[in-house]
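Q: from the sequence below, what's the structure:
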Amino acid sequence: MPPRIYTDAHMYDPIQATIVDQTAKKILALLSEVDDPKVQSIKYDLVLEIVPLPDGNVIVGYYFADHASRLLFWMDEFDASPICSEIKCVVSISHLRLEIESQYWAHCELFPNCRDYNRAILDEVKGILLHATTDTLTSVTSTALWTTKQNRYLLAVLNQVKVPNDADRLWVGAIIGRVMRNAKHNQFVHLYGQYGARLDRDQSIHGITVHPHSWYLIIVEPFLFWGAEVHLVALEKIWVDRTIHIEPFRHFIHKLNEEWMTFVIIATVLLNANMAFLSIQSVDTSGIFTGDRTIAQIVSYISIVTSLGSAILSLLLVKQNRSKEEEAANRAAMFLGNMTHGTRGLEHLSILYAIPYALLMWSTLTFVGAFTLEVFVRTSIVARVNVGSVLAVCTILVLWCILAAWIGDSPHPHVLGSLKKRLVDRAAMLWGLLRLKNEGSECARDSENEVTESIHQEEGEQPWMAPPRILVRGPTIDMSDPSHEVSSNATFAG
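A: From the prediction side, this is the model:
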C-alpha cells in the first residue's frame with residue numbers, strides 16, 4: 001500500500017508543488033531500496049515541510065509516521081536534542097520513545113485523518129485522564145498535567161466521542177492527538193517508567209537537591225523579616241529541574257497579587273496614621289520652622305517614606321504580574337529561566353517579591369517607635385507606666401505568635417523544650433542541686449545493678465551476653481565516583 005503524503009506547503013503555488021512532488025519521489029525511491037521486510041511492510045505516512053533559508057534557497061524536512069508502533073522514523077541519523085531540551089539527559093531508549101511518541105501524536109493532531117480511531121485508543125485516553133483525576137484528588141504534589149477540574153472537562157468531552165465513525169474522524173483525531181501529545185510529553189519530563197522517576201512535582205529527578213543560601217541572602221534576610229525565604233521555598237517547589245508546573249505557578253502569582261493589594265491598603269492606613277500623629281499639638285511645631293526635628297518626628301517621617309515605598313512597589317508588581325495568572329507554560333518557564341541566576345538561583349526574584357512586605361513592616365515598626373518615643377520622652381510617669389504595661393503585653397503576644405509559627409513549621413518542635421531543660425539544669429548546677437541529685441541517682445543505680453546482676457547469676461545467664469543490635473550499614477557505592485554518573489552525551493539515530 002503506497003504511503004500517504006502530507007504537507008503544509010501551499011500546493012496551489014506551482015513552485016512549492018513541484019518541490020514537494022520531486023522530493024517525495026526521491027525519498028520514496030530511497031526507502032524502496034532498503035532491503036528489510038519489516039520496513040517494507042510498515043503502514044506509514046510521509047510528511048514534508050519546505051523550510052526557507054536566509055540566502056533565499058530552501059530545504060525540505062521530512063519524517064515518516066508509523067501507526068503500528070506510534071513512532072516517527074527517518075532514513076538519516078536524527079539529532080533528538082531539540083525535542084529533549086526540557087531535561088538534562090535521556091536515560092534510556094525507552095525514555096526517548098516517550099517523546100518520540102509525543103511527536104507522533106502531534107502528527108495526528110495536525111493531520112487528524114491520518115489514521116483510524118477505535119474504542120481501544122479512546123479507552124486508553126480516558127484511562128490516562130481518570131488516573132490523573134484520582135492523582136490530583138489524592139495528592140497535593142501530583143505530577144498530573146491538568147487539574148482535577150480540567151481533567152473532568154476533558155473526560156466530559158471524550159464521553160461525547162463516538163468511535164469508529166468516519167464522519168467524526170477529523171475532530172476526534174484532533175482531540176485525541178492533542179491529549180495524547182501532552183500526556184506523553186508529561187511522562188517524558190517526569191521519567192515515566194524509568195529508574196528514579198519523579199513521583200511528586202517538587203521532587204528533583206537528580207536526587208536530593210540542597211539549595212544553600214548565599215551570603216548575600218543571609219545578610220539581607222533579617223532586614224526583609226525572612227520574607228524572601230518564604231517566596232524562595234515556594235518558587236523552588238514550582239521551578240524544579242528547570243521545568244514548571246503551570247497551575248501551582250498561577251496560584252502562586254494569584255496569591256502574590258492579592259497580598260500586594262492588601263499591602264497597598266495597609267500602607268495607606270499607616271500613611272494616614274503618621275499624618276495624624278504628626279498633626280498632634282504636642283508633636284507638631286504649629287507651623288513654626290525649626291532647624292531640628294524631634295526624634296519622634298524623624299522616625300515618623302521614615303515610616304511615611306517606607307509606607308509609600310511599599311504601596312508604590314506593590315502597585316508596580318501587581319501591574320507586572322497580573323497577566324501571569326493566565327500565562328502559558330512556555331512563557332512562564334521563559335520568565336523563571338530568565339530570572340534564575342547562575343549561582344544564586346531564584347534568590348533575586350524572591351527578594352524582589354519580599355520588598356513590599358519588608359517596607360510595610362519597617363513602616364509599622366518605625367511608627368510604633370515614633371509613638372513610643374513620644375510617650376516615654378514627653379509624658380508623665382503615669383502615662384509611661386500605663387502605656388508601657390500595655391506595650392509590654394502586646395510585645396509578648398506578638399513574640400508568642402512568631403514563636404508558635406516557628407515551632408509549627410520547625411522539623412524539631414521540641415527544640416524549645418530541650419533548650420528550657422538545659423537552662424534549668426544549668427541553674428540547678430549553679431546551686432548545687434544537680435550534684436546532689438546525681439549522687440542520689442548513682443547510689444540508686446548501683447543498688448539496682450547489683451540486684452539485676454544477682455538475678456542474672458541465679459538464672460544462669462552469662463554476664464557478657466547482650467541483646468542483639470541492628471547493624472546499619474553505610475552506602476556501598478561511592479557516588480563521588482564519576483563512573484556511576486549517567487552520561488548525557490548519548491547519540492540516538494533515527
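
Q: quick one: low-confidence ranges for the stretch 151-300 of the chain?
A: 165-168, 208-211, 281-292 (pLDDT under 70).

Q: try it again at 80.
A: Low-confidence regions of the stretch 151-300 of the chain, defined by pLDDT under 80, span residues 164-169, 207-213, 280-293.

Q: what are the ranges of the strands in it?
A: Along the stretch 151-300 of the chain, the segments classed as strands by DSSP state E, counting those that start in this stretch run 239-240, 243-244.

Q: dump the ones you listed to CSV, plus distance to Ala174.
A: In short, each C-beta sits where N, CA and C put it, glycine included. Compiled in CSV, the strands of the stretch 151-300 of the chain are given as follows (distance: least, CB to CB, whole Å):
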stretch, distance to Ala174
strand 239-240, 31
strand 243-244, 26
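
Q: between those, which gets nearest to Thr366?
A: When these are compared by CB to CB, strand 239-240 sits nearest Thr366, at 34.8 Å.

Q: related to what we said a few turns ago, could I get the strands of the stretch 151-300 of the chain as a markdown table with distance to Thr134 and mean neighbour count?
A: Putting the strands of the stretch 151-300 of the chain into a markdown table (distance: least, CB to CB, whole Å; neighbours: other CB atoms under 10 Å) gives the following:
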| stretch | distance to Thr134 | mean neighbour count |
| --- | --- | --- |
| strand 239-240 | 22 | 21 |
| strand 243-244 | 23 | 20 |
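
Q: closest to Leu170 out of those?
A: strand 243-244 (32.4 Å).

Q: of the strands of the stretch 151-300 of the chain, which is nearest Pro112?
A: Judging the strands of the stretch 151-300 of the chain by CB to CB, what sits closest to Pro112 is strand 243-244, at 28.5 Å.

Q: and that closest one, what does it pack onto?
A: helix 329-339 (3 or more CB pairs under 8 Å, 6 or more residues apart in numbering; DSSP states H and E).

Q: may I see the buried residues of the helix it packs on?
A: Ala332, Ala333, Phe335, Leu336, Met339 (16 or more other CB atoms under 10 Å).

Q: give me the residues contacting that helix.
A: Residues outside helix 329-339 that contact it (CB atoms under 8 Å, 6 or more residues apart in numbering): 235, 238-239, 242-244, 246, 249-250, 324, 327, 346, 348-349.

Q: closest one of those to Gly173?
A: Ile246 (25.4 Å).

Q: surely that closest one touches Glu326?
A: No. Using CB atoms under 8 Å, Ile246 is not in contact with Glu326, being 10.1 Å away.

Q: so between those two, which is more surrounded?
A: A direct count of neighbours by other CB atoms under 10 Å for Ile246 and Glu326 places Ile246 higher, at 18 against 9.

Q: so who does that one touch?
A: Contacts of Ile246 (CB under 8 Å, 6+ apart): Glu327, Ala328, Ala329, Ala332.

Q: centroid-nearest residue for this protein?
A: Centroid check for the chain by CA atoms, centre = their mean gives Ile238 as the closest residue, at 1.3 Å.

Q: now do the helices in the stretch 51-200 of the chain.
A: Using DSSP state H, counting those that start in this stretch, the helices of the stretch 51-200 of the chain run over residues 93-110, 119-138, 148-158, 169-189.

Q: can you redo those helices as CSV with distance to Tyr357?
A: CSV is the format used below for the helices of the stretch 51-200 of the chain (distance: least, CB to CB, whole Å):
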stretch, distance to Tyr357
helix 93-110, 41
helix 119-138, 31
helix 148-158, 31
helix 169-189, 33
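
Q: so the nearest residue to Met261 once chain neighbours are set aside is in which element?
A: Using CB to CB, 6 or more residues apart in numbering and skipping the chain neighbours, the partner closest in space to Met261 is Val318 (6.2 Å). Val318 is located in helix 295-321, with elements delineated by DSSP states H and E.

Q: if we can go back for a sec, so which of the contacts of helix 329-339 comes closest to Leu129?
A: Once CB to CB is applied, the member of these that ends up nearest Leu129 is Ile246, at 17.3 Å.

Q: quick one on the thing from earlier: now do the helix holding Val318: which elements does it pack against?
A: Using 3+ CB pairs under 8 Å, 6+ apart, helix 295-321 sits against helix 246-278, helix 347-378.

Q: between these, which one is nearest to Gln150?
A: Across the helices and strands packed on helix 295-321, closest to Gln150 is helix 246-278 (CB to CB), at 8.5 Å.

Q: which parts of that closest one are buried?
A: So for helix 246-278, counting by 16+ other CB under 10 Å, buried means 246-250, 252-253, 256-257, 260, 263-264, 266-267, 270-271, 273-274, 277-278.

Q: also stretch 373-390?
A: Those would be Leu373, Glu374, Val375, Val387, for stretch 373-390 by 16+ other CB under 10 Å.

Q: which residues does Leu360 contact?
A: Taking CB under 8 Å, 6+ apart, one finds Phe263, Ile266, Ala267, Leu270, Thr306, Ser307, Ser310 in contact with Leu360.

Q: same check on Glu101?
A: Arg70, Leu71, Lys184.

Q: for the residues you listed, which one is nearest Cys108?
A: Using CB to CB, those come closest to Cys108 at Arg70, 8.9 Å.

Q: counting neighbours, what do you get for Ile302?
A: 18.

Q: quick one: Cys401 from Gly227, how far?
A: As judged by CB to CB, to the nearest Å, Cys401 and Gly227 stand 16 Å apart.

Q: and these two? which has more neighbours close in?
A: Gly227 (19 against 10).

Q: now for the contacts of Ile246, which pair is the farthest apart?
A: Maximum distance among those (CB to CB): 8.0 Å, for Glu327 and Ala329.

Q: and which of the contacts of helix 329-339 is nearest Pro112?
A: Out of these, the member with the shortest distance to Pro112 (by CB to CB) is Ile246, at 25.4 Å.

Q: how much space between the closest residue in space to Ser300 that isn't next to it in sequence and Leu360?
A: Excluding the flanking residues, the one nearest Ser300 by CB to CB, 6+ apart is Ala370, at 4.0 Å. Separation of Ala370 from Leu360 (CB to CB) stands at 16 Å.

Q: now do Leu336
A: On the measure of CB to CB, Leu336 and Leu360 end up 26 Å apart.

Q: cool, Ile175 as well?
A: In this view, Ile175 and Leu360 are 49 Å apart by CB to CB.

Q: next: Phe335.
A: 25 Å.

Q: equivalent analysis for Arg119, please.
A: Taken as CB to CB, the span from Arg119 to Leu360 is 59 Å.

Q: which of the strands of the stretch 151-300 of the chain sits closest to Ile298?
A: strand 239-240 (42.3 Å).

Q: can you list the strands that that closest one pairs with?
A: In the sheet, strand 239-240 lines up against strand 243-244 (antiparallel) (DSSP bridges).

Q: now do the partner strand: everything it contacts.
A: Glu86, Ile87, Val189, Ile238, Ala329, Ala332, Ala333, Leu336.

Q: pretty sure Ile42 sits against Leu71.
A: No. Ile42 is beyond contact range of Leu71, at 10.0 Å (criterion: CB under 8 Å).

Q: using a markdown table, lay out the buried residues of helix 329-339 together with pLDDT.
A: A markdown table is the format used below for the buried residues of helix 329-339 (pLDDT from 0 to 100):
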| residue | pLDDT |
| --- | --- |
| Ala332 | 89 |
| Ala333 | 88 |
| Phe335 | 91 |
| Leu336 | 90 |
| Met339 | 90 |
